[in-house]
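> Model the structure of this input:
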Amino acid sequence: MITPKIRRWANFFRHSAAKQTFSMLDNKVFKLLWKWAKRRHPNKGNHWIKAKYFKTKGNRLWVFSTTDNKQICELPLFDATKIIRHTKIKSLSNPYDKEWEAYFRGRAKDMLAKHENISKLATAI
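Below you'll find the predicted structure:
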């Protein structure tokens, strides 16, 4: 239930300078998940809790994941979201001037590519 919320929130804020904030949020989510797991299993040790809820994937050692209908579901990281900077328009540009035609054509291609990536991502969620 939390995976789509994390993805939406991270994609909404990925246009800002949010890398440090994303790292901080990943840390907070991890701490909350750890507290939840400790509260849910008060008679179990730390090693048991880690083995049950946190798996290793590649070079990431603490990936929160569960198995649902023999499919592994893992929690995404905020920090894994790629930051995409907004490109400001040049102040002297004029869309009605032939001199700037190539500039606006290039901007349109960039916007179309970003839009296609967003729609692919939306269908994946």
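> Which residue ranges of this structure form helices?
All helices of the chain, identified by DSSP state H, fall at 2-13, 19-40, 46-53, 101-124.
> List the buried residues in the third one.
Buried residues in helix 46-53, counting neighbours by 16 or more other C-beta atoms under 10 Å, are found at Tyr53. C-beta here means a position set from N, CA and C on the backbone, and glycine is covered the same way.
> which strands and helices sit next to that helix?
Applying 3 or more C-beta pairs under 8 Å, 6 or more residues apart in numbering; DSSP states H and E, we find helix 46-53 packed against helix 19-40, strand 60-68.
> Run the chain-centre distance for the first one.
If I follow you right, that is helix 19-40. Per C-alpha atoms, centre = their mean, to the nearest Å, the displacement of helix 19-40 from the mean C-alpha position of its chain is 15 Å.
> model confidence over that helix, on average?
On average, the pLDDT along helix 19-40 is 91.
> And for stretch 61-77?
On average, stretch 61-77 scores 80.
> Could you check that stretch and say which residues are buried?
So stretch 61-77, judged by 16+ other C-beta under 10 Å, has buried residues Val63, Phe64, Leu75, Pro76, Leu77.
> Can you name the residues that contact Thr81?
Counting by C-beta atoms under 8 Å, 6 or more residues apart in numbering, Thr81 makes contact with Arg7, Ala10, Asn11, Arg14, Phe22.
> For Gln71, state which of these is nearest.
Gln71 lies nearest to Arg7 out of the contacts of Thr81, by C-beta to C-beta, at 17.5 Å.
> and the helices and strands packed on helix 46-53 as JSON lines, adding distance to His86?
Formatted as JSON lines, these follow (distance: least, C-beta to C-beta, whole Å):
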{"stretch": "helix 19-40", "distance to His86": "15"}
{"stretch": "strand 60-68", "distance to His86": "29"}
